[in-house]
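Q: This is the structure alone, sequence omitted:
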């Protein structure tokens, strides 16, 4: 049997259909489908390196989510109950598929390989099943990618998952109080899901964590955020579970967190569902009421002159939008062309400096000695050049996004997209090939010396034979020894120059391969950034244009309609507005935000 508050949600969906808002209708239908799902999804969100994955592991006392300085969650990871441990990656047919669309492929993988293999293309989520009493009631813990990570474009998937959450654990470590970015994130989370608990992690690393917690509570109070705040230590929890130390477990703070999850989330599933429905329904009704009120105002016969002015203003704003749309597109094209050119020139300049150092090194050094050290030096310098060049690319990309946003018809800080970089950005270049080093062995030296001494013995032997001396004598033998030694030295020098030339050529080829590969990656990244910004701002421009056109159409209808038609439309509009206000009050009764909507 469906929950009773779904009747209110169904009426709100019907109102969206009546007022021709398919976008709101789709969002509410998705929320309705979620209400029929017995699972209770708890989202773990926060910025990168705050201890989200470790928190999930400590809650379940199982290493289900990989943690470490070099490991990052790249896709939402769903941890749910299963009789036997299992893991799978879910993929969609296209890269743009939603994580809640019906999967086209589900691939079983070892649990310890989930994080590593989740970085594959088109993977939209990971699923892990383990036998745990905490999950037995249908609870699903969802570990999410860090919000605000500029190296990857996963922030959107976190917020897409947020739309399906029944409750949220927002994670912030105890090394400092909640930042302005985290407070902004918290408010944005509560707009989509009001059931939020703030978890302060890593208290074992900060002796003054209690003062940090108190400052955080004061911040939440000043911001008017009603969210429970719980300090915990995942490290102490895992150590206590390993040793069976109950005192250490209590010190970790997890008993309070587990109680909160069981009582405030699992045991209060119905209350959480009502609140979530109230939030999305209230937002939808508010968006339906706003244009309806504007239309009623425009149709009021006492505001005929004002209505004409409204029409003219709406038309002016539409014209201004079209004019400025061309401006921001020109700015985007020009700035991205300059960006790609500058970044590629910078990369070429850095690689040329490296090659000059290589030439200077092997004008004197022997590649046969210390090649491994040189190879490591070259790789380190190329990696440094790539890192610096790519950091500049990211910095300039953010600057371009801000500049385009300022040329947008309506500038706001939230116009700037969170991340515009591709996921699979850089691939490694093949290793440096070691040049062929010709050995100069002892037999070769003897042969070269004999070959050179032959001429000396013969030349000086013939000269001394004119004086009556034999062909082979002390003088000819000494000359042969000198000529043989010089031949050995000359051959050694020639072989050294060939080795140096081979080393320079190998380094040149490797640097050229690096430049070709990385410069293509940079150009591809630039094109991806340009497409992402163009699509982002085009979507915003279309939404704004549709809003302005609808206002213009409403004003035009108000001017053209005769008095009878105006009165009829006003009666119908007031009737619809009254229905929406009544429906809004019913939504508020479910436990929505304390707001007032009047006719």
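A: Everything's here; your move. Predicted model, so just to flag it, every value in this text is computed and none were measured.

Q: SS state for residue 250?
A: On the three-state scheme (DSSP: H, G, I helix; E, B strand; the rest coil), residue 250 is labelled helix.

Q: What separation is there between it and residue 267?
A: According to CB to CB, to the nearest Å, residue 250 and residue 267 sit 22 Å apart. The way it works is simple: take the backbone N, C-alpha and C, and place the C-beta from them, glycine included.

Q: which element is residue 520 on?
A: Using DSSP states H and E, residue 520 maps to helix 474-560.

Q: Okay, angle between whichever helix or strand comes after that helix and helix 474-560 too, please.
A: Using DSSP H and E, the next helix or strand after helix 474-560 towards the C-terminus is helix 563-589. Counting by axes from the mean of the first three to the mean of the last three CA atoms, to 10 degrees, helix 563-589 lies at 120 degrees to helix 474-560.

Q: name the helices or strands packed onto helix 563-589?
A: Contacts defined by 3 or more CB pairs under 8 Å, 6 or more residues apart in numbering; DSSP states H and E place helix 563-589 against helix 5-18, helix 269-299.

Q: Would you mark the buried spots in the longest one?
A: For helix 269-299, the neighbour count (16 or more other CB atoms under 10 Å) marks 269, 272-285, 288-289, 292, 294-299 as buried.

Q: What is the helix or strand just after that helix packed up against?
A: Using DSSP H and E, the helix or strand that follows helix 269-299 in sequence is helix 304-361. Applying 3+ CB pairs under 8 Å, 6+ apart, one finds that helix 304-361 contacts helix 269-299, helix 371-406, helix 474-560.

Q: Dump the ones you listed to a markdown table, plus mean pLDDT and distance to residue 28.
A: A markdown table is the format used below for the helices and strands packed on helix 304-361 (pLDDT from 0 to 100; distance: least, CB to CB, whole Å):
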| stretch | mean pLDDT | distance to residue 28 |
| --- | --- | --- |
| helix 269-299 | 75 | 6 |
| helix 371-406 | 83 | 30 |
| helix 474-560 | 74 | 19 |
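
Q: winner for burial among those helices?
A: With neighbours defined as mean count of other CB atoms under 10 Å, the helices and strands packed on helix 304-361 peak in mean count at helix 269-299, which reaches a mean of 20.

Q: How far does that one sit from its chain's centre?
A: Averaging C-alpha positions (CA atoms, centre = their mean, to the nearest Å) puts helix 269-299 32 Å from its chain's average.

Q: now the angle from it to helix 5-18?
A: Counting by the same axes, to 10 degrees, helix 269-299 lies at 30 degrees to helix 5-18.

Q: Between the helices and strands packed on helix 304-361, which one is closest to residue 321.
A: The closest of these to residue 321 is helix 474-560. By CB to CB, the value is 5.6 Å.

Q: and residue 40, backbone torsions?
A: The phi/psi pair for residue 40 (degrees, to the nearest 10) reads phi -120, psi 110.

Q: residues in contact with it?
A: Counting by CB atoms under 8 Å, 6 or more residues apart in numbering, residue 40 touches 137, 138, 139, 140, 166, 167, 265, 266, 269, 272.

Q: Sort the residues you listed by pLDDT and name the bottom one.
A: When the contacts of residue 40 are compared on pLDDT, residue 269 comes out lowest, with 71.

Q: Hmm, that residue is touching residue 139, no?
A: No: the pair residue 269 and residue 139 fails to qualify as a contact (CB atoms under 8 Å) at a distance of 9.3 Å.

Q: Poorly predicted segments of the stretch 101-250 of the chain, please.
A: Across the stretch 101-250 of the chain, the ranges flagged by pLDDT under 70 are 101-104, 119-121, 148-157.

Q: Sort out which of the contacts of residue 40 are buried, if you could.
A: For these, buried by 16+ other CB under 10 Å: 139, 140, 166, 167, 265, 266, 269, 272.

Q: What segments of the stretch 1-150 of the chain are strands?
A: According to DSSP state E, counting those that start in this stretch, the stretch 1-150 of the chain carries its strands in the segments 40-45, 77-81, 86-91, 105-108, 123-130, 139-143.

Q: The fourth one pairs with which strands?
A: Looking back up the chat, that one is strand 105-108. Strands adjacent to strand 105-108 in the sheet, as given by DSSP bridges, are strand 86-91 (antiparallel).

Q: which residues touch the partner strand?
A: Residues from elsewhere that reach strand 86-91 (CB under 8 Å, 6+ apart): 99, 103-111, 113-114, 117-118, 120, 122-129.

Q: what about residue 197, which SS state?
A: Assigned with three-state DSSP, residue 197 falls in the strand class.

Q: Leaving out chain neighbours, which residue sits closest to it?
A: In space, and not counting its chain neighbours, residue 197 is closest to residue 228: 4.9 Å by CB to CB, 6 or more residues apart in numbering.

Q: The one you found against residue 195, yeah?
A: No: shown here, residue 228 and residue 195 do not form a contact pair, counting by CB under 8 Å, at 10.2 Å.

Q: quick one: which of the two has more around it?
A: Neighbour count, other CB atoms under 10 Å: between residue 228 and residue 195, residue 195 has more, with 22 against 14.

Q: How far does stretch 339-353 sit from its chain's centre?
A: Distance, centroid of stretch 339-353 to centroid of chain: 25 Å (CA atoms, centre = their mean).

Q: What are the buried residues along that stretch?
A: Using 16+ other CB under 10 Å as the test for burial, stretch 339-353 gives 339, 340, 343, 344, 346, 347, 350, 351.

Q: tell me the average confidence for that stretch?
A: Stretch 339-353 shows a mean pLDDT of 87.

Q: Check what contacts it and list those residues.
A: For stretch 339-353, contacts defined as CB under 8 Å, 6+ apart pick out 382, 385-386, 388-389, 392-393, 396-397, 400, 511, 514-515, 518-519, 522-523, 526-527.

Q: at 10 Å instead, please
A: Outside of stretch 339-353, the residues within contact range by CB atoms under 10 Å, 6 or more residues apart in numbering are 381-382, 384-386, 388-390, 392-393, 396-397, 399-400, 511-512, 514-515, 518-520, 522-527, 529-530.
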